[in-house]
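A.B. asks: just need the structure, nothing else, for what follows:
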Amino acid sequence: MRIAALYCFSCLIASLSVRTSGAAESTPLPLPSSETALFSMDIGLWRVFLALLILFAVILLIRWSVRRSSKNVGRGEKDKSIEILERKVLGPKQSLLLVRVCGKKVLLHQGKGSFTSLCEIEESEEAPLND
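C.D. replies: As a prediction, this is how the structure comes out:
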């Protein structure tokens with residue numbers, strides 16, 4: 001998706017920078033006077049500002065669409081078969097996870113890039129919370 005966004009961005013920049021060659025060859029450029037120079041500079045600044053504003057809006061639109069599409073991927077509430085219920089950190093690279101998988105609760109140990117199943121917990125075995 002990022003590659004597509006970069007491609008769109010480069011196409012937009014290329015289209016803003018390309019000028020037709022036929023118009024430049026057929027009409028000579030007028031000599032600048034002090035009044036026209038100031039006026040053309042103001043118009044040029046406004047055109048640059050408008051182009052930057054449009055570019056910023058396009059970037060925000062692409063960012064919004066990417067975030068919206070990434071939130072919907074794999075997040076269906078009806079099809080949720082794996083759910084992390086609780087996580088306790090034991091050390092810098094170790095933790096315990098209580099996970100519900102297909103209706104069963106499993107205690108997992110996560111350490112150094114691997115998971116180990118420690119035990120399966122039944123609903124009646126749960127300890128009461130001490131609040």
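A.B. asks: look up the pLDDT of E35 for me, please.
C.D. replies: Here the pLDDT value assigned to E35 is 62.
A.B. asks: could you do V18 as well?
C.D. replies: For V18, pLDDT reads 66.
A.B. asks: what does L6 give?
C.D. replies: Note on L6: pLDDT of 78.
A.B. asks: what's the helix or strand for it?
C.D. replies: helix 2-17 (DSSP states H and E).
A.B. asks: in the protein, which helix or strand is least confident?
C.D. replies: Ranked by mean pLDDT, DSSP states H and E, the weakest helix or strand in the chain is helix 21-26, scoring a mean of 56.
A.B. asks: which parts of the biggest helix by length in the chain are buried?
C.D. replies: Criterion DSSP state H: the longest helix present in the chain is helix 34-72. Neighbour counts over helix 34-72 (16 or more other Cβ atoms under 10 Å) mark I62 as buried. All C-beta atoms are positioned from the backbone trio N, CA, C, and that covers glycine.
A.B. asks: great, nothing more from me.
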